[in-house]
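Undergrad: missing the sequence, but the structure's below:
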Ligand code: C2E
Ligand code: CA
Ligand code: CA
Ligand code: CA
């Protein structure tokens, strides 16, 4: 990652609007975010619908900028993809997640899994499997408790390359899930060829479950049956109400995640609230 140069500045063009000026400033500061220790992972529990146990946590990235405060990953990840900064950030996220999981393992929490988001561009790196292997070896974490989340958009280009990369990652023992499922354009035929394990139903469908028009109920229950018929697990994100949970439970969704249980929280409160019963 040396070629990115820590002090590289983009040239500012006059005539930029305020939004692109903010993006410009952000891209410059993003180069320094890691060394200044401004990035942080927060964790949101994922709950087994049947047992109510926290089986997994999703790691979500936060950027605590000295003057803007918390910057949303929805804003800075696309910027990091434009400049290639996503590679360094993605490595940091994966390494930090591995260290966190190892730490939990060492403290006797031997069954919690950790799931990590990957951007489309990050997934297209030729050496991604070896980068992942390196972090796994360095932290000595059990790969079979790591999960990666990819959106459908990461999977549409260059099918052979994608299938091979997924296969290599899966062979390491890592679980693969498709995030925001139902919002992309992957064909069912293609989907059935992919070595994946989990479909995550997008929160826009989950929110619609309680609408008067039953469209989103139909989409949600169809995604669940689709997952089952492809032998995949299914997770619903963005679960905010008891009614949504009841619907998902009735249709045999495997795991749920959302504000109904907890928002994403920092490491310490996550451990206090969700890791108190040791699995040993
Ligand atoms: P995502 O992977 O779909 O993550 C779910 C988003 O929904 C998160 O937003 C989460 O905080 C939020 N959320 C959780 N429960 C609820 C709920 O009950 N209701 C609602 N309305 N929202 C809920 P967040 O943390 O702001 O992340 C936004 C997006 O940024 C993520 O969407 C993901 O695409 C991306 N992202 C986050 N962390 C990373 C990362 O480490 N690497 C990459 N490449 N992308 C990341
Ligand atoms: Ca389960
Ligand atoms: Ca996700
Ligand atoms: Ca999502």
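TA: Great, that's in hand. Note that this is a predicted model, so its numbers are computed, not measured. Numbers count the residues shown, from 1 in each chain. Ligands and ions are numbered 1, 2, ... in the order given.

Undergrad: Up against ligand 4, what does the stretch 151-280 of the chain have?
TA: 179, 180 (CB under 5 Å from the ion). To be clear about C-beta, it is placed using only N, CA and C from the backbone, and glycine gets the same treatment.

Undergrad: Which parts of the stretch 151-280 of the chain are strands?
TA: Applying DSSP state E, counting those that start in this stretch to the stretch 151-280 of the chain gives strands spanning 175-181, 198-201, 233-236, 255-256.

Undergrad: Output those in JSON lines; the columns should cover distance to ligand 3, mean neighbour count and mean pLDDT.
TA: Converted to JSON lines, those look like this (distance: least, CB to the ion, whole Å; neighbours: other CB atoms under 10 Å; pLDDT from 0 to 100):
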{"stretch": "strand 175-181", "distance to ligand 3": "4", "mean neighbour count": "22", "mean pLDDT": "96"}
{"stretch": "strand 198-201", "distance to ligand 3": "7", "mean neighbour count": "26", "mean pLDDT": "96"}
{"stretch": "strand 233-236", "distance to ligand 3": "10", "mean neighbour count": "26", "mean pLDDT": "98"}
{"stretch": "strand 255-256", "distance to ligand 3": "13", "mean neighbour count": "24", "mean pLDDT": "98"}
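
Undergrad: For ligand 1, find the nearest of those.
TA: Of all the strands of the stretch 151-280 of the chain, strand 175-181 sits nearest to ligand 1, with 5.2 Å by CB to the nearest ligand atom.

Undergrad: and that closest one, how far from the chain's centre?
TA: With CA atoms, centre = their mean, to the nearest Å as the basis, strand 175-181 stands 8 Å off its chain's centre.

Undergrad: and residue 80, how many residues sit next to it?
TA: 25 (other CB atoms under 10 Å).

Undergrad: Tell me how far it lies from residue 37.
TA: 17 Å (CB to CB, to the nearest Å).

Undergrad: hmm, back to that, tell me which of the strands of the stretch 151-280 of the chain sits nearest to residue 26.
TA: strand 175-181 (23.6 Å; CB to CB).

Undergrad: Could you find the closest non-adjacent residue to the closest residue to ligand 1 within the stretch 151-280 of the chain?
TA: Of the residues in the stretch 151-280 of the chain, the one nearest ligand 1 is residue 258, at a distance of 3.2 Å by CB to the nearest ligand atom. Leaving aside its sequence neighbours, residue 258 sits nearest to residue 239 (CB to CB, 6 or more residues apart in numbering; 3.3 Å).
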